[in-house]
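Enquirer: sequence and computational prediction follow.
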Amino acid sequence: MLKTLARLSLIVAGWMSLALAIAGVVLPVLPTTPFVLLSAGCFAKSSPRFHQWLLRQKYFGQMIRDYQAYKGIQKQTKIRAISLIWLSMTLSAVIVGKAWLAVMLFAIAICVSLYLWRMPNAPSPSQHIV
């Protein structure tokens, strides 16, 4: 009974974190990558079927496989993510128009950018070891 409850809880947590990851694609303050990785971890411990499904996804699958294999992400993914973070944070700061909120958004952008940049580089698909 307790094992089933723990498994179901992990499945629910996996789907909730995946929903947050998808929302993070369009919302500037909500990060995508940590929620995708959390979702993969939850599914890996609770549902091999959902885990394999997530690994096969076009947009998130490669990121998860790279993180599992190399504890990092590809350099072009980093550059794309950091560029989108700064674009969305700048746009948000302009729309909001409050200096204190703009400072907070830029502080978040700096922290997330540094975190991503310091993460190890996974090899590009052409360099993956088969």
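Expert: Perfect, thanks for sending it. If you're wondering where the values come from, they're calculated on a predicted model, not measured in any experiment.

Enquirer: spatially nearest residue to the residue nearest the centre of the chain, not counting backbone neighbours?
Expert: By C-alpha atoms, centre = their mean, the chain has its centre lying nearest to T33, at 0.7 Å. Excluding its sequence neighbours, the residue lying closest to T33 (C-beta to C-beta, 6 or more residues apart in numbering) is M63, at 6.7 Å. Placement of C-beta: from N, CA and C, glycine included.

Enquirer: now the one you found: phi and psi?
Expert: Per-residue torsions, M63: phi -60, psi -40 (degrees, to the nearest 10).

Enquirer: dump the residue contacts of it.
Expert: Residues near M63 by C-beta atoms under 8 Å, 6 or more residues apart in numbering: 33, 36-37, 73, 77.

Enquirer: and those residues, which of them are in strands?
Expert: Of the positions in the contacts of M63, I73 sit in strands, assigned by DSSP state E.
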